[in-house]
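In: Provided below for reference: sequence and predicted model.
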Amino acid sequence: MLLKELSSLTSPLSEPQLSQLQLALNDLSATQTAWVSGYLAGISQTSGTQVQAQGAVSQPAQRVTILFGSQTGNAKGVAEELYQQAQAQGIAARLVNMADYKAKELKTESHLLIVASTNGEGEAPDDAVTFHEFLASKKAPKVPELKYSVCALGDTSYEFYCQTGLEFDERLAALGAEAVVARADCDVDYDDMVAAWSEQALAAVKATLEEATTTAAPIAAVASNHVANTYTKKKPFKTELLVNQKITGRFSAKDIRHVEIALDDSGISYQAGDALGIWFKNDPVLVDAILDQLELDGTETVTVANDTDNLRDALINRFELTQSYPSFIQAYAELSGSKKLAKLLDDKAALRHYCYGRQILDVIDEKKAKLTAEQLLSGLRKITPRLYSIASSPNEAEGEVHLTVAVVDYQQNGEQRIGGASGFLQRLEEGAEIEVFVEHNDNFRLPSNDDTPVIMIGPGTGIAPFRAFVQERDVREAAGNNWLFFGNQHFTDDFLYQTEWQGYLKSGLLTKMDVAFSRDQAEKVYVQDRLRENAAELYAWLEQGAHVYVCGDGDRMAKDVNEALIEIVAEQGKLARSEAEEYVAELRRNKRYQRDVY
């Protein structure tokens, strides 16, 4: 049948070639055939050759483009799964990171599905900044023929919940585009809502695509450079913890650990700049305290996602207990009748302040209440894995992946509170089983040219990816200069990987290193202060094409570093503030200024 269809077209293939093609396709499933057609379409596009069937009318590309903007990988994962679903349904689709999207293509799109996370206090994720700015500018074209929908990922604990997705939605509508499915605003526990949106969005896209192409040639799936990982967030790799070593001194205020995890025979690959996802279990001591406070029997059988388990194990393995969040506070306020919690719900700023640093146990301590197991579980979020910047190069630590983990440990109302994943890693003994997956981060990569100078700014555990960067440049024998800025509290107890850095300085691989130990003198000194002290040289490096990388705290440090960079550029380049801001923005657009902040 396919051979006859091919023969009915004006074909550059000979009859023997057509026969060979038919034989090759006979053994393929429908999904495999769709993939092959997409692959061939991609080759055709790359070579600049476009083949149209007789009678086809030139028009905007009748396909769906799936665009994602992701900071930690969640939006990317949702978009990749959406793309796979589109392929399985035979929908012509392509998957594109917003950082790689050419804005001029927008006016040629017929269908657009956007998956976007919100970073920090309502900011677009780094890889979405350029496209976000374009849409908000006067350069954005009118797109009355465009059909679209937006899936926004966020966290209700933050004031500007799903702000980036909301802005994409509003701006596309203002440009004349038609929303085929209403925007989905998804909280941290987003699986069910994302699944519902994906089903509705693809159904709407498929229907309108079929309507638009009934008089034109059939459309094939569009090739994508996406390669599915064997192990993912939903299907992690079970492996062994090899090393769990505290690397801060005995008098340090911090418990920071160097962790090594086996990847042998897994087929998992990663690059310097990627993150590792850790699925963790809650501390049984914390779970028992919650059960005691609510007078619940941990042996009671409960059903979670069609699985039966006892309540205690369900709380240990399945639910988020080491963070508090608005949805639980609302549920517990109603069940307990707490006036304090009810009042918080009317003040979003006060609610966010209350959530910070409090765990579920702290919320139920506000007022004693008698809950059933079902009532408790219905108010809780499902547990989500934590991401840690990888602290090793795969070419140096063959068959392993390394992390630098700060244990979250603080006092709340006179009682100790330990972080979920970091506390789990602290408790885990060497040789124990652990479930992991790699989250690729293509927006935090070393320059492809090994001669390019690199400036790395990573206080605290932000040093992790730069250990990987320097290892990688060592293996590659990169000739480019390397400048590292590191900060922590005390030189004696908090100089992470000190001997390694000293070795790299001695060998010449590390060209320059500036440190800022904030508590070793009367006046606190931070990495941004060291940047300003080296303003002239730093600017010279930038003018020579250096790439700048920042990793660590996004709430304060990253903002302070960004401000320091703007001030240095203005001062050294003798530019106005607005010109310096544009200089730094241009660095980011050209991927010469990349951040991995949290």
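Out: Happy to help now that I have it.
In: By mean pLDDT, flag the weakest helix or strand of the protein.
Out: Lowest on mean pLDDT, DSSP states H and E among the helices and strands of the chain sits helix 2-7, with a mean of 42.
In: Please name the nearest non-neighbouring residue to the spatially most central residue of the chain.
Out: The centroid of the chain falls nearest to Thr72 when counting by CA atoms, centre = their mean (1.7 Å). Leaving aside its sequence neighbours, Thr72 sits nearest to Leu387 (CB to CB, 6 or more residues apart in numbering; 5.5 Å). Glycine gets a C-beta too; all of them are placed from N, C-alpha and C.
In: Relative to Glu439, how far out is the residue nearest to the centre of the chain?
Out: Going from Thr72 to Glu439 by CB to CB, to the nearest Å gives 7 Å.
In: Could you do Asp307 as well?
Out: Between Asp307 and Glu439 the computed distance is 26 Å (CB to CB).
In: what does Glu167 give?
Out: Remark: distance between Glu167 and Glu439 (CB to CB) = 25 Å.
In: one step back: the residue nearest to Thr72 reaches Phe280, doesn't it?
Out: No: if you go by CB atoms under 8 Å, Leu387 and Phe280 don't touch, sitting 11.7 Å apart.
In: now Gly120, nearest residue through space, not along the chain?
Out: Gly554 (5.5 Å).
In: Ok, Gly267 next?
Out: Nearest non-adjacent residue to Gly267 (CB to CB, 6+ apart): Thr230, at 5.3 Å.
In: so where's the stretch 301-450 of the chain uncertain?
Out: By pLDDT under 70, the stretch 301-450 of the chain has no low-scoring segment.
In: Repeat the analysis, applying 90 as the threshold.
Out: Filtered on pLDDT under 90, the stretch 301-450 of the chain yields the residue ranges 305-306, 348-349, 352, 356-357, 413-414, 442-443.
In: those strands in it, which residues are they?
Out: Along the stretch 301-450 of the chain, counting by DSSP state E, counting those that start in this stretch, strands occupy 301-304, 307-310, 386-389, 400-406, 409-412, 415-418, 433-439.
In: Output the ones you listed as a markdown table; include the columns mean neighbour count and distance to Val181.
Out: Shown next, in a markdown table, are those (neighbours: other CB atoms under 10 Å; distance: least, CB to CB, whole Å):
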| stretch | mean neighbour count | distance to Val181 |
| --- | --- | --- |
| strand 301-304 | 14 | 29 |
| strand 307-310 | 12 | 30 |
| strand 386-389 | 24 | 29 |
| strand 400-406 | 22 | 38 |
| strand 409-412 | 12 | 42 |
| strand 415-418 | 14 | 41 |
| strand 433-439 | 20 | 27 |
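In: can you redo these as TSV with distance to Val143?
Out: Listed next are those as TSV, based on distance: least, CB to CB, whole Å:
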stretch	distance to Val143
strand 301-304	44
strand 307-310	45
strand 386-389	35
strand 400-406	43
strand 409-412	49
strand 415-418	49
strand 433-439	32
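In: Lys339 is nearest to which of those?
Out: Lys339 sits nearest to strand 409-412 of all these, at 21.1 Å, using CB to CB.
In: Tell me who's in contact with Ala349.
Out: Glu159 (CB atoms under 8 Å, 6 or more residues apart in numbering).
In: and if you look at Gln359?
Out: The neighbours of Gln359, taking CB under 8 Å, 6+ apart as the test, are 286, 321-324, 412, 417.
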